[in-house]
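*Asks:* Kindly generate the corresponding structure for this input.
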Amino acid sequence: MKTGPPFAVCNMTIDASQLKSRYGAIYSPPTPGPIFCSFYLVANRDMRIRMQLYRLQGIGVYNNQSKRCVGGFLQIIDGVRALRGNSSAVHVFCGLDIRFERPVTIFKDRAIAVVQYWTESSIKSRFMLQYFFEDKSEESSWQLGGSAIPNAECDWIYRQHNCTNSEEPCEFSSPGYPGLYPNFQHCRYFFRSTDPALQIRIQFKSFDLPAGCDTHYLNIFDGPYSARTDPALQTLCGETKPDDLVFFSTGPSMVVEFISGSLPPPYNYIGFSATVLFGNNPHDRNTIGSKVDRSFCDWIFCSNSTPSARFGTPMDWYPKNLLCTFRFIPSVQSERAVVTLFSYFLESDHCGTFVEIHELGQADRGGRLLKKICGPISKYAAVGDHKSLEQYAAGPGRTLLVSFVSKSGNHVLGKTSEWLSGHFEFHNDRLLGTKILNTVCDTSFNDQDHQVSGSFSGPKIDFDSDQQLWLTSAPSDCDFILESNRNRSVSVTVQHATLIRPGEETTFWLCKTVCDRAGCACQMEGTDQKQILNDVFHVSFYSRTQPATLLSCLCGDLSEVLPITLSATNGIVQKFHRLAQTTAESDVYGFEAKYNFHEKIYECAKSSRSHAQGALYIATKRNVSQANTFHHLQCDWSVEVSSKFYIAIDVRLWDSDKSSKRVKKSDSQCSPKNTVKLFTSVSQRDKGKGIELCQNNAVTINSSKLVIRLTATGRHLRHRIFWKEVDPAGVDSAGGKIPSAIGSRMRNGMVNAFPVVLALLWTLWSHHCRLHA
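*Replies:* Reported below is the predicted structural model:
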């Protein structure tokens with residue numbers, strides 16, 4: 001193949017798609033300065049551009065004090081940046097007379113590169129630059145096994161499933177390696193494992209940076225990048241022997257940070273190249289348990305000696321027909337073993353390698369198979385994705401057995417072909433509630449399997465537990481579900497909560513807690529309130545009714561709000577929304593709460609009524625109502641009158657504060673916390689199809705049967721519902737047409753003498769309340 005023609009003119013485009021040859025040369029124009037020229041090199045999508053600079057003559061000088069070229073330069077720019085108006089120089093060269101022993105090599109992975117030449121000197125200047133359009137498959141600076149992070153200039157991430165083969169480890173290098181690396185770069189290389197038992201090893205193959213660590217250096221961090229404010233494990237610069245540069249992590253993550261400044265002559269610093277390998281941590285992952293005598297990998301874990309730890313199969317050589325067993329034995333009847341499988345790799349076909357999880361019976365006899373996982377299959381926990389959790393649990397007091405069987409074995413030392421890695425914990429259901437599987441921190445309580453009263457708290461992160469990877473990597477919701485199995489009410493009292501720390505008030509000013517007669521609410525600034533709430537720590541309470549009703553919400557500074565108590569007849573779900581946290585020092589957010597199952601705060605009256613008229617009352621005692629103590633209940637009634645009549649309903653939902661007056665009809669607003677819904681049948685009630693009334697409404701229903709559902713929330717509940725049968729002819733004569741299906745006609749007054757009856761009933765009820773207050 002012939003070389004392309006030499007170009008010695010200004011301002012031209014060299015397009016690979018228009019050339020017969022894939023390489024050529026660019027020479028300095030014969031015109032003396034001052035002069036400014038641009039050459040655009042355009043590659044095809046599947047190509048990269050390699051350039052080699054051989055000589056510089058009379059093109060400016062490098063000022064060591066200002067660290068820049070003066071009087072002229074030859075610079076190579078990322079063409080994509082130049083087209084977007086951001087033409088910061090990536091490589092800059094200058095010199096009076098430099099003939100490079102080895103040509104300076106520059107690689108460009110983007111489709112466009114711009115070569116710019118400028119000189120102020122009237123003396124003839126010279127340079128010679130060769131260019132090559134190459135296939136990217138030939139690129140020696142490829143980051144093997146890594147993934148480029150979107151919207152970042154030079155950030156990469158490496159994960160364990162690509163980098164566990166010691167024969168073909170992953171590689172990372174400085175931008176443009178083995179060519180000259182660009183000026184003013186800030187590149188980060190993230191190495192992350194979802195298996196806490198794996199260790200990361202970084203070994204440098206080459207290292208060539210300028211002397212001094214002021215502007216060109218490499219930082220290595222043992223841990224996540226968010227902890228980079230801590231001292232680096234090592235800072236590297238200058239020329240160092242690669243054999244001396246081997247680093248190991250103490251945990252499942254490492255970060256390498258590369259910083260470059262203005263590159264001085266002689267322009268021969270090519271940066272670095274290194275390999276990364278995720279392998280076995282030299283510390284045995286099963287050090288806390290008890291190993292069975294004369295066994296290769298059989299372990300026993302008891303709750304009284306090992307409440308929680310990591311476990312897994314050998315990561316090095318092991319024989320054929322390997323059987324590893326892990327027994328998790330609770331020491332008390334109310335405890336149960338919960339196993340979380342982080343990752344596994346089973347490569348043998350036809351279930352040649354498999355994992356079985358059993359719940360053993362009494363005295364470890366019999367039992368049942370919970371799960372069998374057959375190869376070939378692999379799993380890597382997706383940190384931040386809670387749906388990737390895979391958990392199994394035995395019943396209270398039962399032994400959980402995990403078995404790993406490999407028929408092929410692992411015969412190459414240092415090469416991990418098959419493995420199983422996980423975490424276990426013993427959970428006392430009676431004291432701590434029942435852990436809901438495949439969730440990070442969801443827990444349920446009831447008055448049959450758990451204590452009648454107890455406490456729970458927002459999860460404090462055990463940075464050695466399975467929670468650490470999920471609670472520190474992404475926002476999460478922890479649900480605490482409290483529901484009675486014995487027809488009781490449940491109360492939850494939040495005594496202490498830290499949702500912001502001192503000094504963070506200006507950060508979380510956009511959310512504060514405001515309480516009124518019906519509960520507490522999270523009041524936020526901004527238009528997208530749902531998104532704002534997701535960006536702050538907060539606690540919310542929901543009813544266990546269908547559909548669920550938001551009862552209260554807490555956020556921001558709670559010093560003037562707590563304690564707060566909620567009681568409900570149908571159960572409560574307390575949800576704690578926490579943001580991602582990365583260090584143990586930041587684990588100060590959370591709450592402490594008590595719960596209590598007790599007799600119902602209000603027993604709904606007889607559910608079925610068959611009278612021509614009547615009244616339904618809800619009233620809680622005043623002496624149980626205190627500041628920021630709220631009650632929630634739901635009552636269902638069925639009312640039936642003669643089939644010849646319709647039913648007229650008058651709803652009176654009164655303000656719960658003793659000093660306040662009845663809300664006017666014009667000011668009434670339907671709230672899911674305080675509402676009445678009317679249905680013509682139980683099936684309609686179950687489907688939620690009905691008429692909603694609130695505050696002060698009167699309505700006539702063209703049916704002789706009615707199902708009424710009252711939902712009430714507040715400090716002091718005093719609600720009344722009156723009904724009376726009415727003649728359909730009288731309703732029609734008033735001018736209203738009733739639909740054939742469930743229908744209503746909102747009217748200020750009821751027919752006949754119904755308003756007089758209502759006034760009399762209300763007077764008698766108020767007098768009764770005053771006598772018993």
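*Asks:* Which parts of this structure are helices?
*Replies:* 79-83, 429-432, 467-471, 529-534, 682-687, 728-733, 754-772 (DSSP state H).
*Asks:* who does the fifth one touch, helix- and strand-wise?
*Replies:* Here helix 682-687 touches strand 705-714, going by 3 or more Cβ pairs under 8 Å, 6 or more residues apart in numbering; DSSP states H and E. Backbone N, C-alpha and C define where each C-beta goes, glycine included.
*Asks:* Give the pairing partners of the strand it packs on; include direction for each.
*Replies:* The strands that strand 705-714 pairs with in its sheet are strand 629-640 (antiparallel), strand 675-679 (antiparallel) (by DSSP bridges).
*Asks:* can you pull the buried residues of it?
*Replies:* By 16 or more other Cβ atoms under 10 Å, the buried positions in strand 705-714 come out as 706-714.
*Asks:* circling back: just put the strands paired with strand 705-714 in JSON lines and tack on mean pLDDT and distance to Y158.
*Replies:* Below are these laid out as JSON lines (pLDDT from 0 to 100; distance: least, Cβ to Cβ, whole Å):
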{"stretch": "strand 629-640", "mean pLDDT": "89", "distance to Y158": "51"}
{"stretch": "strand 675-679", "mean pLDDT": "88", "distance to Y158": "55"}
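*Asks:* Select, out of the ones you listed, the one closest to N151.
*Replies:* Taking Cβ to Cβ as the criterion, strand 629-640 is the member of the strands paired with strand 705-714 that comes nearest to N151, at 46.0 Å.
*Asks:* Quickly name whichever of the buried residues of strand 705-714 is closest to L53.
*Replies:* Proximity of these to L53 was ranked by Cβ to Cβ; the top entry is T713 with 76.2 Å.
*Asks:* need the contact list for the closest one.
*Replies:* The neighbourhood of T713, defined by Cβ atoms under 8 Å, 6 or more residues apart in numbering, consists of 518-519, 549, 551, 630-632, 673-674.
*Asks:* how about these, which pair is most distant?
*Replies:* Longest span within the contacts of T713, Cβ to Cβ: T549 and H631, 12.9 Å.
*Asks:* more crowded one of those two?
*Replies:* Legend: neighbour count by other Cβ atoms under 10 Å for T549 and H631, higher for H631 (26 against 22).
*Asks:* and the more buried one, bridged to which residues?
*Replies:* When bridges are assigned using DSSP bridges, the partners listed for H631 are S567, G714.
*Asks:* Mind picking the one among the contacts of T713 that's closest to I647?
*Replies:* Ranked by distance to I647 (Cβ to Cβ), those are led by N674 at 21.7 Å.
*Asks:* Tally up the residues packed near the closest one, please.
*Replies:* Burial measure for N674: 24 neighbouring residues, criterion other Cβ under 10 Å.
*Asks:* Might one say that S174 is in contact with Y189?
*Replies:* No - between S174 and Y189 no contact is recorded; they are 9.9 Å apart, counting by Cβ atoms under 8 Å.
*Asks:* Please enumerate the shared neighbours of these two.
*Replies:* Counting by Cβ under 8 Å, 6+ apart, the shared contacts of S174 and Y189 are F258.
*Asks:* tell me the contacts of M128?
*Replies:* Residues 25-28, 53-55 are the ones in contact with M128 under the rule Cβ under 8 Å, 6+ apart.
*Asks:* now do 6 Å
*Replies:* Residues near M128 by Cβ atoms under 6 Å, 6 or more residues apart in numbering: 27, 54-55.
*Asks:* go on, Y267?
*Replies:* Contact partners of Y267, counting by Cβ under 6 Å, 6+ apart, are V104.
*Asks:* For it, give me the pLDDT.
*Replies:* Reading off the confidence values, Y267 has pLDDT 81.
*Asks:* now swap in R501 and tell me
*Replies:* For R501, the model assigns a pLDDT of 60.
*Asks:* how far away is A568 from E692?
*Replies:* 21 Å (Cβ to Cβ, to the nearest Å).
*Asks:* Pipe the strands paired with strand 705-714 into JSON lines and attach distance to Q65 per row.
*Replies:* JSON lines is the format used below for the strands paired with strand 705-714 (distance: least, Cβ to Cβ, whole Å):
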{"stretch": "strand 629-640", "distance to Q65": "71"}
{"stretch": "strand 675-679", "distance to Q65": "77"}
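*Asks:* how close does F480 sit to D449?
*Replies:* F480 sits at a distance of 15 Å from D449 (criterion: Cβ to Cβ).
*Asks:* more crowded one of those two?
*Replies:* More crowded of F480 and D449, by other Cβ under 10 Å: F480, with 24 against 14.
*Asks:* Surely that one is in contact with Q574?
*Replies:* Yes - using Cβ atoms under 6 Å, F480 is in contact with Q574, at 4.5 Å.
*Asks:* Identify the residues contacting the residue of the chain most remote from its centre.
*Replies:* The centre of the chain is farthest from one residue, I123, which by Cα atoms, centre = their mean lies 62.8 Å away. Shown in contact with I123 (Cβ under 6 Å, 6+ apart): G58.
*Asks:* Which phi and psi values does it adopt?
*Replies:* Main-chain torsions, I123, degrees, to the nearest 10: phi -80, psi 140.
*Asks:* between the strands paired with strand 705-714, which one is nearest to C555?
*Replies:* With Cβ to Cβ as the measure, strand 629-640 is the member of the strands paired with strand 705-714 nearest C555 (17.0 Å).
*Asks:* for the closest one, which positions count as buried?
*Replies:* By neighbour count, with 16+ other Cβ under 10 Å as the criterion, the buried positions of strand 629-640 are 629-635, 637-640.
*Asks:* now swap in stretch 161-178 and tell me
*Replies:* Going by neighbour count (16+ other Cβ under 10 Å), the buried part of stretch 161-178 is 161-165, 169-178.
*Asks:* what do you get for stretch 512-520?
*Replies:* In stretch 512-520, residues buried by neighbour count (16+ other Cβ under 10 Å) are 512-513, 515, 518-520.
*Asks:* related to what we said a few turns ago, got the buried residues of strand 705-714 as JSON lines, with pLDDT and distance to R685 columns?
*Replies:* Supplementary listing: the buried residues of strand 705-714 in JSON lines, determined by pLDDT from 0 to 100; distance: Cβ to Cβ, whole Å:
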{"residue": "L706", "pLDDT": "90", "distance to R685": "10"}
{"residue": "V707", "pLDDT": "91", "distance to R685": "5"}
{"residue": "I708", "pLDDT": "90", "distance to R685": "9"}
{"residue": "R709", "pLDDT": "88", "distance to R685": "6"}
{"residue": "L710", "pLDDT": "88", "distance to R685": "12"}
{"residue": "T711", "pLDDT": "88", "distance to R685": "12"}
{"residue": "A712", "pLDDT": "87", "distance to R685": "17"}
{"residue": "T713", "pLDDT": "89", "distance to R685": "19"}
{"residue": "G714", "pLDDT": "87", "distance to R685": "23"}
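*Asks:* Which one of those residues is nearest to Y595?
*Replies:* Lowest distance from Y595 to the buried residues of strand 705-714 (Cβ to Cβ) belongs to T713, with 18.4 Å.
*Asks:* and the closest one, how far is that from G95?
*Replies:* Using Cβ to Cβ, one obtains 80 Å as the distance from T713 to G95.
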